[in-house]
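Visitor: Got a predicted structure plus its sequence, pasted below:
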There are 2 protein chains.
Amino acid sequence: MISKSLLKQIKALELKKFRNESGLFIAEGSKTVLDLLELGIKAEKLIATEEWLREHSVKSDCEVIVASDDEMKKASLLRTSQGVMAIFHQQHNVIDSTVPERELCLALDNVQDPGNLGTIIRIADWFGIENIYCSIGCVDAYNPKTVQATMGAIGRVKIHYINLPEFIKSLDKKVPVYGTFLDGNDIYSGELSGNGLIIMGNEGNGISEECGRLVSERLLIPNYPAGRATSESLNVSVATAIICSEFRRRAR
Amino acid sequence: MISKSLLKQIKALELKKFRNESGLFIAEGSKTVLDLLELGIKAEKLIATEEWLREHSVKSDCEVIVASDDEMKKASLLRTSQGVMAIFHQQHNVIDSTVPERELCLALDNVQDPGNLGTIIRIADWFGIENIYCSIGCVDAYNPKTVQATMGAIGRVKIHYINLPEFIKSLDKKVPVYGTFLDGNDIYSGELSGNGLIIMGNEGNGISEECGRLVSERLLIPNYPAGRATSESLNVSVATAIICSEFRRRAR
């Protein structure tokens, strides 16, 4: 049974303030919950219907709460509950500024939409990008909508919240810093590195002036055919996908 | 002023049934509304605040309704109204099955999420894909969330709702029909054509069996590095972006 206080805790975890205070977050849906358990992310509580528990084997010694369909519906943050949700402990990753010297990393400059952030985390995971550096102004990666959109990838990719311009400066020009701009160089032609940082900007405003000044390699995703009137821009998660795909194509 | 009957019409246009009956749809936000007017999409009514009208010049002879901030807020389907919305006439495009012989086209097999469809339309526009063939089971392209996600691209890309398997059969094997599958060929290596059809599948189930049988070229977006444990799949709009980018890179 979902007690009143548990229901209150679940609803409170929609709020960043409460997530920060408690160090917890909510994940919903079979795939996300099972993936996170499989990856060893520590769960505090698993809440599921009897039916779901019968159909799935769970690798965790956390508290299991059996709930009715009605209770799940009330607790779920989704339009249609998938019969399972869990409260997990947030991961705390050590920030190591030598990582971009060895690996390709993403940096997000004020990405605001929870769905976009989740989709970007899933893309990073697909393309073997293990670290994402988020500016303080980015949406919280443990927002339930973000967690949902990652489809479990949030358990594999390390997300760091940092002062982004300071972090880039700390790299001390030892690695290429990529960013997309309307006057950048065609991503399909120039050289692309296997390490360094790719900065993706805010949905409406792109890369901030402060971070933009720290970009060493200006890139552009050209539209097709060249010169045709078109949408003025691509969605930030779509642009991230195209860029990551092209970087990894070159590295093969 | 937004009359009661106008408010009722706006709210009704959230529903596919009413959009179909009236042949109308709603667009919101400065960029989308101005782009659609600029493209010559016929508007029935433009509804905006005095402030918005002062700041923007409108090229349309449609009825203009001045609304207060409060009225806009009530009428808006968005969380924060941008001071303008308009009721447009849907476009009716002639279906010509010889188009894929000359151009690269997209086909969507039961894409369900309005945001995904809108994002795909925006991607198509960016990469000069002018025709999208949607199976009957796809979400309606005039869904307000879809229109919003296209950022105006819905005025440039032609969307056709058809019996997709029948349409593909009618192409009579004269054009390549691409689809992505887990056992497909690496998109970065094989030959990619400048014409034909790229089928993208449903969010959960991928390409239906019926359409799958009609695919002549099986593709795969490889993850990186090869063999690493990763997310099982990419979001359909993200996969569309990567595929379209790769097709157009080759065509340059």
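Guide: Yep, that arrived. If you're wondering where the values come from, they're calculated on a predicted model, not measured in any experiment.
Visitor: Partner strands of the longest strand along chain A and their direction?
Guide: Scanning chain A for the strand with the most residues, using DSSP state E, yields strand A:177-186. Here strand A:177-186 has these sheet partners by DSSP bridges: strand A:196-200 (parallel), strand A:217-220 (parallel).
Visitor: Please list the residues of the stretch 151-252 of chain A that sit near chain B.
Guide: Contacts of the stretch 151-252 of chain A with chain B, taken as C-beta under 8 Å from any C-beta of the partner chain, map to A:151-153, A:156, A:188, A:221-225, A:228-235, A:237-238, A:241-242, A:245-246, A:248-249, A:251-252. (Each C-beta comes from the backbone N, C-alpha and C, glycine too.)
Visitor: Mind checking which of those land in helices?
Guide: Members of those lying in helices (criterion: DSSP state H): A:Ser237, A:Val238, A:Ala241, A:Ile242, A:Ser245, A:Glu246, A:Arg248, A:Arg249, A:Ala251.
Visitor: By neighbour count, which of those residues wins?
Guide: Neighbour counts for those, by other C-beta atoms under 10 Å in any protein chain shown, peak at A:Ala241, which reaches 30 neighbours.
Visitor: hang on, isn't it packed against B:Ala241?
Guide: Yes. Judged on C-beta atoms under 8 Å, A:Ala241 makes contact with B:Ala241 at a distance of 4.9 Å.
Visitor: Buried residues, stretch A:76-84. List them.
Guide: A:Ser76, A:Leu77, A:Ser81, A:Gln82, A:Gly83, A:Val84 (16 or more other C-beta atoms under 10 Å in any protein chain shown).
Visitor: do the same with stretch A:145-164
Guide: So, applying 16+ other C-beta under 10 Å, buried residues of stretch A:145-164: A:145-162, A:164.
Visitor: Mind checking which of those residues land in strands?
Guide: Taking DSSP E as the definition of strands, the buried residues of stretch A:145-164 contribute A:Lys158, A:Ile159, A:His160, A:Tyr161, A:Ile162.
Visitor: Quick check: pLDDT value at the second one.
Guide: Listed pLDDT for A:Ile159 reads 97.
Visitor: about what we covered before: can you list the ones in helices among the residues of the stretch 151-252 of chain A next to chain B in JSON lines and add pLDDT?
Guide: Formatted as JSON lines, these follow (pLDDT from 0 to 100):
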{"residue": "A:Ser237", "pLDDT": "97"}
{"residue": "A:Val238", "pLDDT": "97"}
{"residue": "A:Ala241", "pLDDT": "98"}
{"residue": "A:Ile242", "pLDDT": "98"}
{"residue": "A:Ser245", "pLDDT": "98"}
{"residue": "A:Glu246", "pLDDT": "98"}
{"residue": "A:Arg248", "pLDDT": "97"}
{"residue": "A:Arg249", "pLDDT": "97"}
{"residue": "A:Ala251", "pLDDT": "92"}
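Visitor: and the gap between A:Leu39 and chain B?
Guide: According to C-beta to the nearest C-beta, to the nearest Å, A:Leu39 stands 9 Å off from chain B.
Visitor: wait, I meant A:Ser97
Guide: A:Ser97 is 23 Å from chain B, by C-beta to the nearest C-beta.
Visitor: which residue sits closest to that residue in space, ignoring its chain neighbours?
Guide: Using C-beta to C-beta, 6 or more residues apart in numbering or on different chains and skipping residues adjacent in sequence, the residue nearest A:Ser97 is A:Ser170, 4.9 Å away.
Visitor: Now do the phi/psi pair for that neighbour.
Guide: A:Ser170 adopts backbone torsions of phi -70, psi -20, taken as degrees, to the nearest 10.
Visitor: quick one: it and A:Pro222, what's the gap?
Guide: According to C-beta to C-beta, to the nearest Å, A:Ser170 stands 32 Å off from A:Pro222.
Visitor: Repeat that for A:Pro176.
Guide: With distances taken as C-beta to C-beta, A:Pro176 is found 20 Å from A:Pro222.
Visitor: Now the helix or strand that contains A:Glu51: buried residues?
Guide: Per DSSP states H and E, A:Glu51 falls inside helix A:50-55. Across helix A:50-55, burial judged by 16+ other C-beta under 10 Å covers A:Trp52, A:Leu53.
Visitor: neighbouring contacts of it?
Guide: Under the contact criterion C-beta atoms under 8 Å, 6 or more residues apart in numbering or on different chains, helix A:50-55 has outside partners A:Ser30, A:Val64, A:Val66, A:Gln82, A:Gly83, A:Val84.
Visitor: which ones are touching the closest residue to A:Leu220 other than its chain neighbours?
Guide: Using C-beta to C-beta, 6+ apart and skipping residues adjacent in sequence, the residue nearest A:Leu220 is A:Gly184, 3.6 Å away. Applying C-beta under 8 Å, 6+ apart to A:Gly184 gives the contacts A:Arg218, A:Leu219, A:Leu220.
Visitor: Check which helices and strands the helix or strand A:Ala27 falls within is in contact with.
Guide: A:Ala27 belongs to strand A:24-28 when assigned by DSSP H and E. With contacts defined as 3 or more C-beta pairs under 8 Å, 6 or more residues apart in numbering or on different chains; DSSP states H and E, strand A:24-28 has these neighbours: strand A:84-89, helix A:144-150.
Visitor: does A:His89 really touch A:Glu44, like I thought?
Guide: Yes. A:His89 lies in contact with A:Glu44 (C-beta under 8 Å); the separation is 6.5 Å.
Visitor: So for those two, which residues contact both of them?
Guide: Listed as contacting both A:His89 and A:Glu44 by C-beta under 8 Å, 6+ apart are A:Leu24.
Visitor: Now do stretch A:215-225: distance from first to last residue.
Guide: Terminal residues of stretch A:215-225 are spaced 27 Å apart (C-alpha to C-alpha, to the nearest Å).
Visitor: Check stretch A:91-98 too.
Guide: End-to-end distance for stretch A:91-98: 20 Å, by C-alpha to C-alpha.
Visitor: residues of it that come out buried?
Guide: By neighbour count on 16+ other C-beta under 10 Å, the buried set for stretch A:91-98 is A:Gln91, A:Ser97.
Visitor: Quick check: mean pLDDT of it?
Guide: pLDDT averaged over stretch A:91-98 gives 90.
Visitor: quick one, phi/psi of the residue nearest to A:Lys16 when sequence neighbours are not counted?
Guide: Counting by C-beta to C-beta, 6+ apart, A:Asp140 is the residue found nearest to A:Lys16 once chain neighbours are left out, at 4.8 Å. Main-chain dihedrals, A:Asp140, degrees, to the nearest 10: phi -70, psi 130.
Visitor: Report pLDDT for A:Asp140.
Guide: 98.
Visitor: Would you enumerate the residues in contact with it?
Guide: Residues in contact with A:Asp140 (C-beta under 8 Å, 6+ apart) are A:Lys16, A:Arg19, A:Pro114, A:Thr146.
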